[in-house]
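Peer 1: any chance you can model this:
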Amino acid sequence: MQRLLFAKIEVWVVLLVGILGLLGLVGFGAAVLDGERETARFGPVGPAALAVAEIPDTVKALLEEDMLMAGFFPRRFADRPTGWTFGDGPRPEGYVLMSRYDGDRARHVVQLVSLADGTVQHEWLPDADSLLADAPRTSRIAQQEHWSTRYYRVIAPILTDDGTLVIKDHQSYLYGIDACSEKLWSEYDVLLHHSTESDGAGGWWIPGYVEPSEVERIDPKFIDDALVHLGPKGEVLWRKSLTQMFLDHGLEYALFTAGDYQIDPIHLNDIEPVLEDGPYWKKGDLFLSFRHMSMIMLYRPATDEILWMKQGPWLAQHDVDILDATRIGVFNNNAYDRGTDARIHGTNEIVVYDFATDQVSRPWDAAMKAADVKTLFEGLFTVLPDGSVLVEEENAGRLLVLGQDGTVRAEFINKGVDGIGYRMGWSRYLTQTEGEAELARLAATSCPSG
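Peer 2: Modelled structure (predicted):
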C-alpha cells in the first residue's frame, strides 16, 4: 500500500487526469443547467445531475432546519426584516386573523393583528397535545404525526359571533376554542382539510373525506374528497362524496382512465359558499376548487346540479372568491410538474373571470410580479374594501398587502431568530368594524396568567 501511495507518476498522466476532470466538471455543469432549465438535451441525465448538485443544500437543510414546519423556501427572505414593514403610502385598514408557525416558540400561533401598525391585539395558543388527546386514531388519511403542539398547524381559523375560534389542521378534526385557547367543543365524525368558510347562518362548509369510500370497486387507498356542511358546534349536517358526484354526472373520464390511475385525482382545496343571489348563481350554491384538475366548478347542492365548470387558465390553483355579482377571483399558483419536480411559471397570479363577458383579467398582475409572489402549494388572497389585495405566500412565510399600482403597502415576514422562514396557516381578513367587534368581545374575557 505504501509503495502504491508514494509511487512516481508521469507528468503527462497527471495532466491527462486533470484535463479529463475539467471536462467532466464542464459536462456535469452543463447537465445541471439542462436539468434546471428542463431543456432535455441530456435526457434523464439532466434531472439526475441536478439532484446530485442539490445534495449539499438538502443535507444542510436537514441538519439546520425543521423541514416539517419551515417553508418550502426557508431562506428566500433571509436578507429581509423579520415581522411587519410598511410602505410610504396610506396604511391598510382593518385586521388580519393571522395564522402562522412561530419558529422561535416551536409552535403554531393565531393572532388578531391590526393592519394599521402590525400590533398583536390578541393571541391564541392551541395546545394540540391536550386538544387531540382523545381524537380517534383510526383514519388511514389522518396525519397523526402532526398531532402535537410542536407540529400542529392551524389551517384557516375563523371567529364566530360569540367569540369562539374554530380551528383544524389538514387531515384533522374541528375544534372550537375560547379566547384563552381552551377547548369548548370537538367534532370527530369526519376528517377535514383545507378551507373553512361560513355558510352565513352560523355553520361552515369545509372540505372533508368519505373514509372508507363507498364507491364500487375502488382502491382502498383512494382519496375520496367530500363536501361537508357543519353546524355551529361542528355537527355534520350534510356530506357528499365528490367521487360519486362526478360519476353521477357522467364525469368518470375526469377521474379514472385505464392508462393513468391517480390516487388523489380531485384534491378539493376550497369551498366558497354563495351567500346572496346573483344573475349567475343563487344563495346556497358552492364554488369549488379542484387543484389536481386545475378546475373551478359551480355546484348547487339543493338540486345536485353542476351549473358551470372551467379548467384553466389557472394551474393548480387555490382559493376561489366571489368578487361581485358577476365576477370570481382565483388564486392561481401557476404551478406544474412535468416529472422533474414542481415549479412555477413566473409568479403566482390572481385571475378574475367575468360570467357576464366570459373574459379573464389579471388586475393585480403588475403587483404580483413586482413583489415576486411564489408559493407552490396553498396560498390565498382577499380583495380589501379599498381595492388593494391581501396575499398569503404560504410556502415562504410572507403576508402582503398590494395596491393595484404595484406598491407594497404592508409586508409581514414570518422568520425566526435563526433566519428561517416558517409556514403560514391561511390567514383571514377582518374589516375595521368586524375587528373592533371581536376586540370588544375579547376585552370582556379574563384568561389565567401563565
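
Peer 1: residue nearest the middle of the chain, spatially speaking?
Peer 2: In the chain, the centroid-proximal residue (Cα atoms, centre = their mean) is E378; its distance is 1.8 Å.

Peer 1: give me the phi and psi for I322.
Peer 2: phi -90, psi 120 (degrees, to the nearest 10).

Peer 1: what is the burial count for the closest residue to it other than its chain neighbours?
Peer 2: Counting by Cβ to Cβ, 6 or more residues apart in numbering, I328 is the residue found nearest to I322 once chain neighbours are left out, at 5.7 Å. All C-beta atoms are positioned from the backbone trio N, CA, C, and that covers glycine. Counted with other Cβ atoms under 10 Å, residues neighbouring I328 total 21.

Peer 1: element containing I328?
Peer 2: Using DSSP states H and E, I328 falls within strand 327-332.

Peer 1: which elements pack onto that strand?
Peer 2: Here strand 327-332 touches strand 318-322, strand 349-354, strand 380-383, going by 3 or more Cβ pairs under 8 Å, 6 or more residues apart in numbering; DSSP states H and E.

Peer 1: list the contacts of the longest one.
Peer 2: The set of residues that contact strand 349-354 without belonging to it, under Cβ atoms under 8 Å, 6 or more residues apart in numbering, is 296, 310, 313-314, 317, 323, 326-332, 334, 359-365, 368, 381, 389, 391.

Peer 1: need the contact list for the residue nearest to I322.
Peer 2: Per Cβ under 8 Å, 6+ apart, neighbours of I328: 272, 287, 296, 320-322, 352-353, 355.

Peer 1: okay but G329 is in contact with D321, surely?
Peer 2: Yes: here G329 reaches D321: they are 4.9 Å apart, a contact under Cβ atoms under 8 Å.

Peer 1: shared neighbours of the two, which are they?
Peer 2: Here G329 and D321 share the contacting residues 381, 383, scored by Cβ under 8 Å, 6+ apart.

Peer 1: hmm, back to that, type out the ChimeraX command that picks the buried ones from the contacts of strand 349-354.
Peer 2: To isolate the buried members of the contacts of strand 349-354 in ChimeraX, using 16 or more other Cβ atoms under 10 Å:
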select :296,310,314,317,327,328,329,330,331,332,334,362,364,368,381,389,391
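
Peer 1: can you show me the helices along this protein?
Peer 2: Along the chain, the segments classed as helices by DSSP state H run 2-5, 11-37, 45-53, 55-64, 128-131, 242-248, 365-370, 432-443.

Peer 1: the strand holding I328 to strand 318-322, inter-axis angle?
Peer 2: 170 degrees (axes from the mean of the first three to the mean of the last three Cα atoms, to 10 degrees).

Peer 1: partners of strand 327-332, with directions?
Peer 2: Note on strand 327-332: by DSSP bridges, its sheet partners are strand 318-322 (antiparallel), strand 349-354 (antiparallel).

Peer 1: end-to-end on stretch 310-319?
Peer 2: Using Cα to Cα, to the nearest Å, the end-to-end distance of stretch 310-319 comes to 15 Å.

Peer 1: if you could redo that for stretch 400-418, that was the one I meant.
Peer 2: 22 Å.

Peer 1: which parts of that stretch are buried?
Peer 2: Of the residues in stretch 400-418, 400-403, 407-416 count as buried by neighbour count, 16+ other Cβ under 10 Å.

Peer 1: want to throw those residues into CSV with distance to E434?
Peer 2: Below are the buried residues of stretch 400-418 laid out as CSV (distance: Cβ to Cβ, whole Å):
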residue, distance to E434
L400, 20
V401, 17
L402, 21
G403, 22
T407, 25
V408, 24
R409, 19
A410, 18
E411, 22
F412, 19
I413, 25
N414, 23
K415, 28
G416, 30
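
Peer 1: make JSON lines from those residues and add pLDDT and distance to E214 to it.
Peer 2: Shown next, in JSON lines, are the buried residues of stretch 400-418 (pLDDT from 0 to 100; distance: Cβ to Cβ, whole Å):
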{"residue": "L400", "pLDDT": "96", "distance to E214": "43"}
{"residue": "V401", "pLDDT": "96", "distance to E214": "45"}
{"residue": "L402", "pLDDT": "95", "distance to E214": "44"}
{"residue": "G403", "pLDDT": "89", "distance to E214": "49"}
{"residue": "T407", "pLDDT": "89", "distance to E214": "51"}
{"residue": "V408", "pLDDT": "93", "distance to E214": "49"}
{"residue": "R409", "pLDDT": "94", "distance to E214": "49"}
{"residue": "A410", "pLDDT": "96", "distance to E214": "47"}
{"residue": "E411", "pLDDT": "97", "distance to E214": "47"}
{"residue": "F412", "pLDDT": "98", "distance to E214": "44"}
{"residue": "I413", "pLDDT": "97", "distance to E214": "45"}
{"residue": "N414", "pLDDT": "96", "distance to E214": "41"}
{"residue": "K415", "pLDDT": "94", "distance to E214": "46"}
{"residue": "G416", "pLDDT": "93", "distance to E214": "45"}
